[in-house]
Each structure stands twice: as structure tokens, then as C-alpha cells.
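Participant: Have a look; sequence and predicted model below, questions after that.
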Amino acid sequence: MLHSFFTIAHYLLSICTWIIIIQFVLSWLIVFNVLNTRSPGVHAFVGAIDRVTAPLYRPIRKLLPDFGGIDFSPMVVIIIIQILHMLLDGAETSLISGTL
């Protein structure tokens, strides 16, 4: 049962990582006018992804200085997610071996 909890946590963190990567790629496709945001489907999809990622980026954006139009918050969030993956692995190993 405990292993299932850690597996689900890893899956959720991986899904968050992929959503951030998808948003990054979409933002570049929009910037280079490959995708048209006037299309209702594209607009709805980009808006949904923005609503999902905004709570993740908001605290990071408050801490980071202004880099002149470059947003490093997705990279910082992905680094934090990777750290959480490592912490979960360590916690799972400790709990399974019984030495917490």
C-alpha cells in the first residue's frame, strides 16, 4: 500500500513536468506564429494549460528578479519537481527498510 502512494506521487509529479513542457513548446509555437490563438480550440487549450500552471509559477515569479521578458519560472518548477522525485525515492527507501 505504501509503495502505491509513492508510485501515484511520482506519476503526478511526472504529469506536472509534462504539462510544463507542453506549455513551453506551445508558447514558442505561438510566438513564431505556428499556432493561431484566434482558433477557439487552440485558445481554449492554451487557456486551460495556463490555468493549471499559473498556481505553480506564481510563487516562483514573486521570488525571481525580472530578466527582461525571459521567464525562468518553468525551469525552476521543473528543478523543484526533480528534487521532490529524489526526496520521494529516499523516503520510500527509508520507510521500506524501516530506518526513518
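Facilitator: Everything's here; your move. These figures come from a predicted structure and were not determined experimentally.
Participant: Mind giving me the packing neighbours of the longest helix along the chain?
Facilitator: For the chain, the longest helix by residue count, based on DSSP state H, is helix 2-31. In terms of contacts (3 or more CB pairs under 8 Å, 6 or more residues apart in numbering; DSSP states H and E), helix 2-31 is packed against helix 40-63, helix 73-97. For the C-beta atoms, the positions are set from N, CA and C on the backbone; glycine is no exception.
Participant: Now render these as JSON lines, adding mean pLDDT.
Facilitator: Formatted as JSON lines, those follow (pLDDT from 0 to 100):
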{"stretch": "helix 40-63", "mean pLDDT": "95"}
{"stretch": "helix 73-97", "mean pLDDT": "94"}
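Participant: Next, format these as JSON lines and append distance to residue 33 and mean neighbour count.
Facilitator: As requested, the helices and strands packed on helix 2-31 are exported to JSON lines (distance: least, CB to CB, whole Å; neighbours: other CB atoms under 10 Å):
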{"stretch": "helix 40-63", "distance to residue 33": "12", "mean neighbour count": "13"}
{"stretch": "helix 73-97", "distance to residue 33": "21", "mean neighbour count": "14"}
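Participant: can you tell which of those helices is closest to residue 8?
Facilitator: Smallest distance to residue 8 across the helices and strands packed on helix 2-31 (CB to CB): 10.4 Å, for helix 73-97.
Participant: So what touches that closest one?
Facilitator: With contacts defined as CB atoms under 8 Å, 6 or more residues apart in numbering, helix 73-97 is touched by 2-3, 6, 9-10, 13, 16-17, 20-21, 23-24, 53, 56-57, 60-61, 64, 100.
Participant: Now with 6 Å, please.
Facilitator: If you take CB atoms under 6 Å, 6 or more residues apart in numbering as the criterion, helix 73-97 is touched by 6, 9, 13, 16, 17, 20, 24, 56, 57, 60, 61, 100.
Participant: Likewise for stretch 43-53?
Facilitator: Contacts for stretch 43-53 (CB under 6 Å, 6+ apart): 19, 23, 26, 37.
Participant: Give the buried subset of these as a PyMOL selection command.
Facilitator: The PyMOL selection below is limited to those of the contacts of stretch 43-53 classed as buried (16 or more other CB atoms under 10 Å):
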select buried, resi 23+26
